[in-house]
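Enquirer: no sequence for this one, just the structure:
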């Protein structure tokens, strides 16, 4: 090699390619983890992560990577990041990306793309990824020149993390990843966005509506949880003695052991908590988003006056006619509203205690029921007994989710996680991995039906390899139980919902996890305790009798009032 060649080599080595620039931009955003699977077209990006301080978590399916990024974002408020190669790898990210979008979780999905020289034509593994992701993201774009990387990365995170948070997608063509910028570039400065104070005029209008109410009820949604409005909700409820219900996504933002707690609403039939809304004339909705829960179930006659408190205006819905909208930080809005109301104004929250008694009776029925297979109320009761107030349970979509969402007492926000925007099956196991990484001081339980478990059970290997201790409780009924439930309700029969399972204990052990088989009702709670205390990955296979499903809906369907 001549002198000129050596100089050229040294200069080339000193020049940063787009892959390293992108990693520096992720570092500037405070990214801790990237979840994904490498491919030929993004090998430089994956290689650039080495030594960056960002931990690359190799998964077994890109769909799992997208769920991990979603749950990480949901728990931290910082966008979780997932990565895939082009074509089929990117397509596999789509489900979790849509789930994050509909569940208002900040997330940035990165995917490789074919080179700019061939994306205009029919080409191997190339499809229009931006058009595919656009309907399920807040922003989807393709990086087309190296100099755009800092601005586009900053825009992606700003967009994903702004209220209302959601998913963003960036495609990185393979030739761009390897290219060098025209000059030295740096990440764009991250500017913190501060919560806005509500407009005094809107607070005054809202106070007039509430002061004239006879039976107001508060509904706290996911936005209240994201805003950290728990303390303000408690202050507001105690100042006026009003009952407070939550959506499934809002569970825990108002503690279920508070005297004013109505519990969660969102069940497919008229549940106990709904009775608190039947007599209400004013609904004070804090951080509520229509995608969480159909407002027709709490305002069927469209006759209730609604005060909407959120960082953004409400979606238009015939059953959600907003009388006054207060835009701003929910905590500031609640405190300002309480201060604007007349001294001595108080309401009757006795309904809350009566409804909580009904829910407590269901849990007591579960605690006292030694039937095997276990009734779902027993499962919910034992899970509550096994977990501390701040531990995290992810309830996957299915019949188990319905029982947990309506019956599981929750005391802190983001400690009972469900997917209620897209209601996606299979998120809980990969989500539990991300939850433990985001909250290493808490014990984490993924509660899944046997149908949803086998959709992403390969991530047991990821949890074992990455040394992420967690517990998976598999509710075994060998069918898609929620669909059976719905078919029986609407058709009086069911079909095509039954399947068989492998030996789940042996299956878990084949991944290096610990397996437990529940063979009597009194074995579940000790098994949960042992598994949660182990610093390992555990799977508990628990047979469940879902004949309780129809008994529940029959009982609720015949009720015209709870007392």
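Expert: Structure's in. What do you need? Quick caveat, the model's predicted, so the values are computed rather than measured.
Enquirer: If you rank every helix and strand of this structure by mean pLDDT, what lands last?
Expert: helix 3-14 (a mean of 40; mean pLDDT, DSSP states H and E).
Enquirer: Skip ahead from it and say which helix or strand is next.
Expert: For helix 3-14, the following helix or strand on the C-terminal side (DSSP states H and E) is helix 18-28.
Enquirer: just how off-centre is the very next helix or strand once past that next one within its chain?
Expert: Once the chain leaves helix 18-28, the next helix or strand it forms, by DSSP H and E, is strand 33-36. Remark: strand 33-36 is offset 17 Å from the chain centroid, using CA atoms, centre = their mean, to the nearest Å.
Enquirer: on contacts alone, who are the packing partners of the helix or strand just after strand 33-36?
Expert: Using DSSP H and E, the helix or strand that follows strand 33-36 in sequence is helix 43-49. Helices and strands touching helix 43-49, by 3 or more CB pairs under 8 Å, 6 or more residues apart in numbering; DSSP states H and E, are helix 18-28, helix 174-178. (Glycine included, C-beta is placed from N, CA and C.)
Enquirer: any idea of the mean pLDDT in helix 43-49?
Expert: If you average the pLDDT over helix 43-49, you get 96.
Enquirer: Could you check the helix or strand following that helix and say which residues are buried?
Expert: With elements assigned by DSSP H and E, the helix or strand that comes after helix 43-49 is strand 55-58. Of the residues in strand 55-58, 56, 57 count as buried by neighbour count, 16 or more other CB atoms under 10 Å.
Enquirer: Return the list of helices and strands in contact with the helix or strand that strand 55-58 is followed by.
Expert: Counting by DSSP H and E, the next helix or strand C-terminal to strand 55-58 is helix 62-76. Here helix 62-76 touches strand 33-36, strand 80-84, helix 88-92, helix 94-102, strand 107-113, helix 428-438, going by 3+ CB pairs under 8 Å, 6+ apart.
Enquirer: Now render these as JSON lines, adding mean pLDDT.
Expert: Shown next, in JSON lines, are the helices and strands packed on helix 62-76 (pLDDT from 0 to 100):
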{"stretch": "strand 33-36", "mean pLDDT": "98"}
{"stretch": "strand 80-84", "mean pLDDT": "98"}
{"stretch": "helix 88-92", "mean pLDDT": "97"}
{"stretch": "helix 94-102", "mean pLDDT": "98"}
{"stretch": "strand 107-113", "mean pLDDT": "97"}
{"stretch": "helix 428-438", "mean pLDDT": "98"}
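Enquirer: Can you say which of those is nearest to residue 70?
Expert: helix 94-102 (3.9 Å; CB to CB).
Enquirer: The closest one - contacts with which helices or strands?
Expert: Judged by 3+ CB pairs under 8 Å, 6+ apart, helix 94-102 is in contact with helix 62-76, strand 80-84, strand 107-113, helix 129-133, strand 167-173.
Enquirer: switch to 6 Å and redo it
Expert: For helix 94-102, the elements it packs on are helix 62-76, strand 167-173, judged by 3 or more CB pairs under 6 Å, 6 or more residues apart in numbering; DSSP states H and E.
Enquirer: what ranges of this protein fall below the confidence cut-off?
Expert: Applying pLDDT under 70 to the chain flags the ranges 1-15, 193, 268-269, 557-563.
Enquirer: 50 - rerun?
Expert: 1-14, 562-563 (pLDDT under 50).
Enquirer: What's the first helix or strand after the lengthiest helix in it?
Expert: In the chain, with assignment by DSSP state H, the single longest helix is helix 350-368. Per DSSP H and E, helix 350-368 leads on to helix 376-386 as the next helix or strand towards the C-terminus.
Enquirer: starting at the chain centroid, how far to that next one?
Expert: For helix 376-386 - counting by CA atoms, centre = their mean - the centre lies 21 Å from the chain centre.
Enquirer: That helix to helix 350-368, inter-axis angle?
Expert: 100 degrees (axes from the mean of the first three to the mean of the last three CA atoms, to 10 degrees).
Enquirer: ok, and what's touching helix 376-386?
Expert: Helix 376-386 has contacts (CB atoms under 6 Å, 6 or more residues apart in numbering) with 362-363, 365-367, 369, 403-404, 407-409, 521, 524-525, 528-529, 544, 548.
Enquirer: picking up where we left off before, may I see the helices and strands packed on helix 43-49 organised as a markdown table, with distance to residue 57 added?
Expert: Shown next, in a markdown table, are the helices and strands packed on helix 43-49 (distance: least, CB to CB, whole Å):
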| stretch | distance to residue 57 |
| --- | --- |
| helix 18-28 | 14 |
| helix 174-178 | 20 |
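Enquirer: do you know which of the ones you listed lies nearest residue 454?
Expert: Per CB to CB, nearest to residue 454 of the helices and strands packed on helix 43-49: helix 18-28, 33.1 Å.
Enquirer: At which residues are the strands of the stretch 201-350 of the chain located?
Expert: With strands called from DSSP state E, counting those that start in this stretch, the stretch 201-350 of the chain shows them at 216-220, 244-246, 261-264, 282-286, 305-310, 322-327.
Enquirer: what pairs with the third one, and is each one parallel or antiparallel?
Expert: The partner list of strand 261-264 in its sheet, established with DSSP bridges, is strand 244-246 (parallel).
Enquirer: Contacts only, for residue 325.
Expert: Here residue 325 is in contact with 308, 313 (CB under 6 Å, 6+ apart).
Enquirer: again with residue 102
Expert: 291, 421, 422.
Enquirer: Which one of these is nearest to residue 311?
Expert: Out of those, the member with the shortest distance to residue 311 (by CB to CB) is residue 291, at 15.4 Å.
Enquirer: Buried ones among the contacts of helix 376-386?
Expert: 362-363, 366-367, 369, 403-404, 407-409, 521, 524-525, 528, 544, 548.
Enquirer: so which of those comes closest to residue 133?
Expert: residue 404 (30.9 Å).
Enquirer: before we move on, the earlier item: now the helices and strands packed on helix 62-76 as TSV including distance to residue 488?
Expert: Below are those laid out as TSV (distance: least, CB to CB, whole Å):
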stretch	distance to residue 488
strand 33-36	38
strand 80-84	38
helix 88-92	34
helix 94-102	27
strand 107-113	36
helix 428-438	25
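Enquirer: Go through the ones you listed and name the closest to residue 465.
Expert: That would be helix 428-438 among the helices and strands packed on helix 62-76, by CB to CB, at 10.6 Å.
Enquirer: for the closest one, packing partners?
Expert: Right, helix 428-438 is packed against helix 62-76, strand 392-395, strand 444-449, helix 459-465, strand 470-476 by 3+ CB pairs under 6 Å, 6+ apart.
Enquirer: Can you tell me what sits against the third one?
Expert: Spelled out, that is strand 444-449. In contact with strand 444-449 (CB under 6 Å, 6+ apart) are residues 392-396, 398, 400, 428-429, 432, 435-436, 470-475.
Enquirer: from the contacts of residue 102, which would you call buried?
Expert: The buried subset of these (16+ other CB under 10 Å) comprises 291, 421, 422.
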